[in-house]
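1. When you get a sec, could you give me coordinates for this:
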Amino acid sequence: MAMTAGKEEGQAARKEEEKFGIRFIEKHPSQSRLAELRIQSWPKWGCPPGKFALKYDAEETCYLVKGKVTVSVNGSSDYVEFGAGDLVVIPKGLSCIWDVSVAIDKHYKFDN
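-> Sure thing, here's the model as predicted:
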């Protein structure tokens, strides 16, 4: 099952899905949930549209405030897509390509 669930497939389908080790935790978490996770205290990062090769040396939890990205694993034609309002966990050790179609603005935190 591809993790490109859009509005036509229903937003709830994204809860706790996983592909390439990337886990969708929630789509559009409530303000109380964001406060519980202290998202606003996490560092922010952003980037313009483009392709970026990334390797994760630690697990990252991120909440996308704005943007849209397609993530593919090096050497694979398969992908995961996520965007504004998604809370996702990216596993330690993942090497991937971020193909950013809409500029990203996100909060993130790393866990060892």
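
2. my guess is residue 48 contacts residue 105, does it?
-> No - in terms of C-beta atoms under 8 Å, residue 48 does not count as a neighbour of residue 105; the distance is 10.7 Å. Every residue, glycine included, has its C-beta placed from N, CA and C.

3. Please say which of the two ends up with more neighbours.
-> Using other C-beta atoms under 10 Å as the criterion, residue 48 and residue 105 rank with residue 105 on top: 14 against 9.

4. which residues touch the residue positioned nearest the centre of the chain?
-> In the chain, the C-alpha nearest the mean C-alpha coordinate belongs to residue 88, at 4.4 Å (C-alpha atoms, centre = their mean). Listed by C-beta atoms under 8 Å, 6 or more residues apart in numbering, the contact partners of residue 88 are 22-25, 61-62, 64, 82.

5. Quickly note the distance from it to residue 101.
-> As judged by C-beta to C-beta, to the nearest Å, residue 88 and residue 101 stand 16 Å apart.

6. what does residue 69 give?
-> If you go by C-beta to C-beta, the gap between residue 69 and residue 101 works out to 7 Å.

7. Same drill for those two, tell me which one is more crowded.
-> Taking other C-beta under 10 Å, residue 69 and residue 101 do not tie; residue 69 has more neighbours (24 against 13).

8. Can you classify that one as helix, strand or coil?
-> The three-state label given to residue 69 by DSSP: H, G, I helix; E, B strand; the rest coil is strand.

9. Which neighbouring elements make contact with the worst-scoring helix or strand of the chain on mean pLDDT?
-> Here the helix or strand of the chain ranked lowest by mean pLDDT, DSSP states H and E is strand 17-19, holding a mean of 83. Under the contact criterion of 3 or more C-beta pairs under 8 Å, 6 or more residues apart in numbering; DSSP states H and E, strand 17-19 touches strand 22-27.

10. Dump the strand it packs on to PDB, keeping only the CA atoms.
-> What follows is strand 22-27, C-alpha atoms only, in PDB (Å, rounded to 0.1, in the frame of the first residue of the first chain):
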ATOM      1  CA  ILE A  22       9.000   6.200   7.600                       C
ATOM      2  CA  ARG A  23       6.000   6.200   9.900                       C
ATOM      3  CA  PHE A  24       3.000   8.500   9.500                       C
ATOM      4  CA  ILE A  25       1.900   9.200  13.000                       C
ATOM      5  CA  GLU A  26      -0.900  11.700  12.400                       C
ATOM      6  CA  LYS A  27      -2.500  13.800   9.700                       C
END
